[in-house]
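A.B. asks: the amino acid sequence is not available; the structure is as follows:
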């Protein structure tokens, strides 16, 4: 069985689905770690543009001023947290996770205002 050439399979297929996101996150974070300086420079530009677009959409939208300011606060904080992590040269996993949070939150704000 040690030298078998058969492909190992699970019976239900749920094992691959369960770990798909975690394995993707692990592979992407390892890639980010390899080229952290270059990826960080590109990511600062991209997520700052996305964050400023989210802020613009928020300020142009028709909603309660309190909710608008709370969402604007979180968009700004998440973008600044990633930029600060890059400038402080934090661990690559921390920086990568902050990038994901910032991009996902800004994108959600934009998508929810377009719908």
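C.D. replies: Received, thanks. Everything numeric in this text was worked out from a predicted model, so none of it was measured.
A.B. asks: list the helices and strands the biggest helix by length in the chain packs on?
C.D. replies: Looking across the chain with DSSP state H, the single longest helix is helix 36-60. Packing partners of helix 36-60 (3 or more CB pairs under 8 Å, 6 or more residues apart in numbering; DSSP states H and E): helix 65-87, helix 92-114. Every C-beta, even on glycine, is put in place using the N, C-alpha and C of the backbone.
A.B. asks: now the first one: buried residues?
C.D. replies: Going back to what we said before, that points to helix 65-87. 71, 75, 78, 79, 81, 82, 83, 85, 86 (16 or more other CB atoms under 10 Å).
A.B. asks: please apply the same query to stretch 36-43.
C.D. replies: For stretch 36-43, burial by neighbour count (16+ other CB under 10 Å) applies to 36, 39, 40, 43.
A.B. asks: quick one: contacts for the nearest residue to residue 92 once chain neighbours are set aside?
C.D. replies: Closest residue in space to residue 92, ignoring its immediate chain neighbours: residue 33 at 4.0 Å, by CB to CB, 6 or more residues apart in numbering. The neighbourhood of residue 33, defined by CB atoms under 8 Å, 6 or more residues apart in numbering, consists of 92, 93, 96.
A.B. asks: so how far is residue 26 from residue 33?
C.D. replies: 11 Å (CB to CB, to the nearest Å).
A.B. asks: point out where the chain drops to low pLDDT.
C.D. replies: Scanning the chain for pLDDT under 70 picks out 1-4, 6-18.
A.B. asks: residue 58 is in contact with residue 72, correct?
C.D. replies: Yes. In this structure, residue 72 is within contact of residue 58 by CB atoms under 8 Å, at 5.2 Å.
A.B. asks: how far off centre is the longest helix of the chain?
C.D. replies: Chain-centre distance of helix 36-60: 11 Å, with CA atoms, centre = their mean, to the nearest Å.
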